[in-house]
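Colleague: Kindly generate the corresponding structure for this input.
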Amino acid sequence: TSNGDPNQRPNVVNNSWGGGSGDQWYQAAVQSWRAADIFPAFAAGNSGPNAGTINSPGDYADSFASGATDSGDSIASFSSRGPSSLTSETKPDISAPGYNIYSAWNNGSYATISGTSMASPHTAGCVALVKVANPGLTVSQIEDVLTSTSVDLGSTGPDDDFGYGRLDCYAAVDAVRSDGWLTASPVNGQVTSGGAATIELTFDTNSLADGDYSASLTITSNDPDESPLTIPVSLVVGDSNTTPTPTSTPTATPTPTSTPTPPAPPQVTTVNVDGNSLEIIGSNFINPVRASLGTYPLSNVTFVNSGKFQAIAPSNLPSGTYTLIVTNPDGQTASYPAAFTVGSSALDLQVIAPQRGRDDVPSLLYAFGLNFSEDARVKLGSSSLTTQYVNQNFLWAIVPAGQTPGLYNVSVTDNGVTDTLANAYTVFSATDDDLLSHSSLLWTDPGSLRAGRQIDVGLVVYHQGGVQTLTDVAVRFQVETPTGQTLTLGTGTADLPPNRYDTTTSISWVPTATGNYLLRAIIDPNNNVVENDETNNVIERTISVLPAAADTTPPQITSFTATLPPDSPIATLSVTATDVGAGVNAVLFIEYEFSPSARQWIAVRQSEWLDYQTAAYNWEVSSTPGMKYFQVWAADVAGNIARAPGQAVLNYVTPTDSLLAGQIRLYRYRLAAGEQITVHTTPTSGDPDIYLWDTNSAYPAASSYNAGATVDEINYTAAQDVTVQIVIHGYTDTEFAQSIEVAAAGAASATRSEPRDVVITSKTPLDDAIVPAANSPSDKQGLPDAPVTANTSAVYLPVTIK
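Modeller: Next comes the predicted model:
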């Protein structure tokens with residue numbers, strides 16, 4: 001403006017924005033900056049890894065564009081690549097750290113985020129340091145200093161992945177700084193071809209002690225094809241007539257060195273909360289350790305030792321339940337779900353799962369909410385249930401067999417206060433047909449929806465109870481559009497055997513407009529199946545349709561493993577994923593348990609979207625012993641979600657357990673040919689029995705069901721690679737010690753402590769595997785919403801969800 005003061009111009013402007021390639025609308029502004037001696041630092045963009053994806057204005061010849069590297073000096077998959085579509089020159093100009101960067105965030109707090117918007121500020125900050133070290137340098141000279149001192153990565157010399165290399169700020173500043181004793185004048189100028197210019201050097205020894213000093217004089221050209229000229233400078237302070245006496249250098253004897261063992265990742269086992277104060281217990285913490293609740297960093301972190309530190313949670317956190325994320329200085333992290341809850345102090349029962357169970361067997365009931373204490377007790381109607389406290393957000397209880405079929409209130413009573421969910425749980429007769437599903441089973445493929453792109457919409461349908469197969473059961477799919485219009489998308493059909501829990505039907509649909517839709521599935525819309533309860537036949541969830549985008553390719557999970565040490569509830573989850581578009585941004589984990597009475601996979605724990613990392617994640621499994629199935633979903637920077645999750649199974653075997661009569665505990669193992677598994681129970685009261693099914697038989701392959709409080713044991717050797725499922729059944733109410741051990745190939749052949757052909761008139765053995773040994777949660781179940789919303793123009797600061 002007319003009131004502007006050019007003397008107040010900045011030395012460098014960082015630009016963490018851009019969009020598209022070949023757009024020259026900002027060209028004149030960048031040229032004006034350079035004319036005013038303002039350094040134009042730009043993010044290269046997050047549209048990699050394909051060639052020619054460098055974004056404008058970073059693709060201008062006059063812009064200095066930064067690509068993104070990770071902690072291993074590899075180029076980030078999302079980092080945009082050259083050459084420039086405008087000039088065909090090498091781009092980016094340089095690369096800088098841009099993956100998992102701990103940075104200020106737009107909520108007044110801090111977050112760990114990725115993008116070339118994290119790389120360009122590194123470059124801009126280095127420009128500022130170079131300018132301080134040598135104020136007379138021009139924009140072109142600073143560019144030459146940055147590129148000539150960078151660490152060459154990738155192909156030798158400048159390339160379209162890294163540019164001239166990874167920024168080395170120390171080397172850049174060191175190349176231009178003066179230590180006080182050496183100054184040059186002038187520091188810039190012009191010289192004609194074949195001409196000469198004089199540079200005067202001044203040596204100031206007033207503050208120097210006697211000794212030898214060295215420095216260098218670097219002369220750079222504004223021609224990028226010309227290499228800088230480096231002139232060494234030496235100075236001796238003291239008696240220059242003294243001739244040093246050379247000394248011999250002893251020859252060193254090589255000493256073998258061992259490869260250092262990398263530090264173990266941190267683990268969190270307990271989080272003690274007192275108001276806003278947290279005490280984090282675990283192992284392998286390294287000072288200075290960082291911690292956050294989701295993206296909200298903890299303050300006043302006090303390191304006690306490698307097994308404990310303390311911290312303070314922000315006082316203005318939004319209501320909700322937060323995952324604790326602990327990060328060591330080496331970047332390794334641990335997560336602890338549901339570590340901290342913000343809400344009112346009142347008892348709050350929010351949801352139960354499953355919401356129904358059979359009348360002929362005991363049912364495990366999960367209760368989720370806020371502010372539970374160890375005194376909390378769950379009631380079904382007016383009947384108190386055996387209740388297990390897990391944490392302030394999670395209880396489980398046992399609904400005994402023999403309940404009268406019908407609809408029941410579920411309540412939690414805690415220290416004289418009761419909170420109730422009315423008509424929340426249905427007990428149904430095992431012989432009655434009931435069709436149902438859940439919002440987590442109403443799926444879309446792909447998970448990230450784009451306007452104008454065909455998708456599949458489907459539902460996983462349960463048939464609980466009943467005695468015969470129901471054929472051609474209809475499922476009608478509808479949506480309510482953002483404008484309030486109800487559209488019928490189509491009708492699918494399914495055949496449903498009794499107690500079948502994995503039948504899927506689907507239709508295709510092309511959403512034409514962006515926005516939020518209410519997706520609905522109606523099971524048996526014409527009421528052709530007689531059911532006592534049809535309130536669970538309508539399933540709904542809200543979905544978001546995003547604008548069309550250049551990057552619609554979802555990431556792919558290439559590996560996922562879950563391991564659990566003996567007698568420990570802390571699992572290690574390791575996931576690798578790839579993405580050919582914007583790059584993998586985040587992962588989300590879900591822990592499932594199988595409910596035998598409801599014949600459903602129940603999600604008992606779920607993380608938020610967590611920053612993707614190659615280091616393992618730590619996870620505390622729910623306290624219920626038995627088989628745990630894990631899913632992991634991946635999302636990329638553009639908001640695309642993997643088409644299928646990674647799945648892994650592990651077994652939480654506690655030294656002791658207890659079951660009600662008719663209740664079962666499930667475990668599942670994958671055995672290689674020749675491996676042997678031994679299962680042993682020693683009851684202290686009651687009568688537990690052991691059964692083993694494999695994927696090759698409809699009947700138990702091994703079993704032990706001795707009468708009374710006696711030891712039961714089975715030994716099974718795999719004749720081939722096989723999945724086996726162990727069922728420990730409470731024949732009566734029982735408490736017992738247990739062990740499950742897998743031995744390598746070469747053990748004795750399979751034996752049965754109690755052969756199947758021995759008749760025990762007092763006992764009826766199980767002939768139902770409850771859930772087939774090959775069954776797992778549907779790969780459509782649990783599909784989460786995307787962690788980011790992709791826009792047509794990009795700001796390279798990926799959104800991180802709490």
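
Colleague: Go through the lengthiest helix in the chain and flag the buried ones.
Modeller: Using DSSP state H, we find that the single longest helix of the chain is helix 116-133. The neighbour-count check on helix 116-133 (16 or more other Cβ atoms under 10 Å) flags 116-127, 130-131, 133 as buried. Every residue, glycine included, has its C-beta placed from N, CA and C.

Colleague: How about stretch 564-578?
Modeller: 564, 570-575, 577.

Colleague: Just the ones in strands from the residues you listed, please.
Modeller: Applying DSSP state E to the buried residues of stretch 564-578, the entries found in strands are 570-575, 577.

Colleague: Out of these, the closest to I325 would be?
Modeller: L573 (13.6 Å; Cβ to Cβ).

Colleague: Skipping adjacent residues, who's closest to that closest one in space?
Modeller: Spatial nearest neighbour of L573, excluding adjacent residues (Cβ to Cβ, 6 or more residues apart in numbering): Y617 at 4.5 Å.

Colleague: tell me the domain ranges of the chain?
Modeller: 7-182, 267-342, 348-428, 434-546, 556-645, 652-752 (automatic domain parsing).

Colleague: Name the surrounding residues that touch stretch 442-456.
Modeller: 457-460, 506-514, 519, 521, 539-541, 543-549, 552, 554, 633, 635, 639-643, 780-781, 783-784, 786 (Cβ atoms under 8 Å, 6 or more residues apart in numbering).

Colleague: ah, wrong one, I meant stretch 402-411
Modeller: Contacts of stretch 402-411 (Cβ under 8 Å, 6+ apart): 349, 352, 357, 359, 365, 367, 378-381, 418-429, 432, 532-533.

Colleague: In the protein, what helix or strand scores lowest on average pLDDT?
Modeller: Ranked by mean pLDDT, DSSP states H and E, the weakest helix or strand in the chain is strand 751-752, scoring a mean of 38.

Colleague: I'd like the buried residues of stretch 564-578 laid out as CSV, including distance to N393 and pLDDT.
Modeller: Below are these laid out as CSV (distance: Cβ to Cβ, whole Å; pLDDT from 0 to 100):
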residue, distance to N393, pLDDT
L564, 22, 89
I570, 18, 84
A571, 19, 88
T572, 23, 88
L573, 20, 91
S574, 26, 92
V575, 25, 93
A577, 29, 93
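
Colleague: where does the stretch 101-250 of the chain have low pLDDT?
Modeller: Applying pLDDT under 70 to the stretch 101-250 of the chain picks out residues 107, 178-180, 193-194, 206-214, 222-228, 238-250.

Colleague: In it, what residue spans correspond to helices?
Modeller: Here the stretch 101-250 of the chain has its helices, by DSSP state H, counting those that start in this stretch, at 116-133, 139-149, 169-176.

Colleague: out of the ones you listed, which comes closest to D694?
Modeller: Evaluated over the helices of the stretch 101-250 of the chain, closeness to D694 peaks at helix 116-133, with 50.8 Å, by Cβ to Cβ.

Colleague: export that closest one as CSV, just CAs?
Modeller: The C-alpha coordinates for helix 116-133 follow below in CSV (Å, rounded to 0.1, in the frame of the first residue of the first chain):
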residue,chain,number,x,y,z
THR,A,116,6.0,-30.9,3.0
SER,A,117,4.5,-28.1,5.0
MET,A,118,6.7,-29.4,7.8
ALA,A,119,9.7,-29.6,5.5
SER,A,120,9.6,-26.0,4.2
PRO,A,121,9.7,-24.4,7.7
HIS,A,122,13.0,-26.2,8.3
THR,A,123,14.4,-24.6,5.1
ALA,A,124,13.0,-21.2,6.0
GLY,A,125,14.5,-21.4,9.5
CYS,A,126,17.8,-22.3,8.1
VAL,A,127,17.7,-19.3,5.7
ALA,A,128,17.2,-17.1,8.7
LEU,A,129,20.2,-18.6,10.5
VAL,A,130,22.3,-18.2,7.3
LYS,A,131,21.2,-14.6,7.0
VAL,A,132,22.2,-13.9,10.6
ALA,A,133,25.6,-15.5,10.0
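
Colleague: and that helix, what does it pack onto?
Modeller: Helices and strands touching helix 116-133, by 3 or more Cβ pairs under 8 Å, 6 or more residues apart in numbering; DSSP states H and E, are strand 12-15, strand 39-43, strand 64-69, strand 94-97, helix 139-149, helix 169-176.
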